[in-house]
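Asks: Just the structure for this:
(one chain, ligands or ions: 1)
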Amino acid sequence: MKTTGGSDAAKRRAGERAAEAVADGDVVGLGTGSTTAYAIEAIGRAVDDGLEVRGIATSFQSRQLALEEGISLTELDAVEGVDLAIDGADRVVDDPESAAHGTLIKGGGAAHTREKLVDASADRFVVVADPSKLTDRLEASVPVAVLPEAHTVVAERIAELGGEATLRDAEHKDGPVVTDAGNLVLDCAFGPIGEPGELAERLSSLPGVVEHGLFVDVADATYVGTDDGVEVRRY
Ligand SMILES: O=C[C@H](O)[C@H](O)[C@H](O)COP(=O)(O)O
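Replies: Residues are numbered from 1 along each chain as shown. As a prediction, this is how the structure comes out:
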């Protein structure tokens, strides 16, 4: 499993606390990554104890883990709604004075396309994070999933927007990362992002872009695992 730094104990606290929010009968969006994995494992233990839920996986990784944990799975087009989604993030803007408070960057594991679909469909979307993800200035690279044949064209458009796009290379395969849906990922450095909502709209409008990792006004809360507990931010 991809890990992205941060304390495992803090990730575990955040994930396990979020799993406590799952109620009997819920349809639950199962996010991707090392922090959400703790939530999925905790939901699995609750299922062993009799909790009845249906999960919607956001990636091959979360599907495999849910199957191992004995969580029943369904699909977005087979349910009337998603009660709760639990998912990690690579960056979380943590500044109540800022209009961007609660904005996320996701996609470090190249799963952000399906994550955004499921997270945005949920009645409640809870982010699970350790303190290393919190920032008051959004300046990390934004992952952008693109149709394979579009990567050079989109990279040029990104440059016109003031960004620098780098095709993400695979670690244990020659060539690029290929997402679960068969797309490529451009990691796009824009420097400090002052207006994430505006950038998000511009990225979404580029032909060839499948989805980008800016999540603006999607999260309802972030559970931040700390050394000795969990802090909750509500948006
Ligand atoms: O594509 C991957 C996802 O957006 C993850 O949720 C994100 O990278 C956070 O992962 P982790 O909890 O492992 O830091």
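
Asks: What's the local residue count around residue 156?
Replies: 11 (other C-beta atoms under 10 Å). Glycine gets a C-beta too; all of them are placed from N, C-alpha and C.

Asks: so what does the helix or strand that it is a member of touch, helix or strand wise?
Replies: Taking DSSP states H and E as the criterion, residue 156 maps to helix 151-160. Packing contacts for helix 151-160, counted by 3 or more C-beta pairs under 8 Å, 6 or more residues apart in numbering; DSSP states H and E, involve strand 142-146, strand 164-167, strand 184-189.

Asks: Now with 7 Å, please.
Replies: strand 164-167, strand 184-189 (3 or more C-beta pairs under 7 Å, 6 or more residues apart in numbering; DSSP states H and E).

Asks: Please point out which parts of that helix sit buried.
Replies: Buried residues in helix 151-160, counted by 16 or more other C-beta atoms under 10 Å: 151, 154-155, 157-158.

Asks: Contacts made by that helix with the rest, please.
Replies: Contact partners of helix 151-160, identified using C-beta atoms under 7 Å, 6 or more residues apart in numbering, comprise 144, 146, 165, 167, 184, 186, 188, 206, 208-209.

Asks: again, 8 Å this time
Replies: 144, 146, 164-165, 167, 184, 186, 188, 206-209 (C-beta atoms under 8 Å, 6 or more residues apart in numbering).

Asks: ok, back up a step: take the buried residues of helix 151-160 and write them to JSON lines, including distance to the ligand and pLDDT.
Replies: Putting those into JSON lines (distance: C-beta to the nearest ligand atom, whole Å; pLDDT from 0 to 100) gives the following:
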{"residue": "151", "distance to the ligand": "18", "pLDDT": "98"}
{"residue": "154", "distance to the ligand": "18", "pLDDT": "98"}
{"residue": "155", "distance to the ligand": "20", "pLDDT": "98"}
{"residue": "157", "distance to the ligand": "22", "pLDDT": "98"}
{"residue": "158", "distance to the ligand": "19", "pLDDT": "98"}
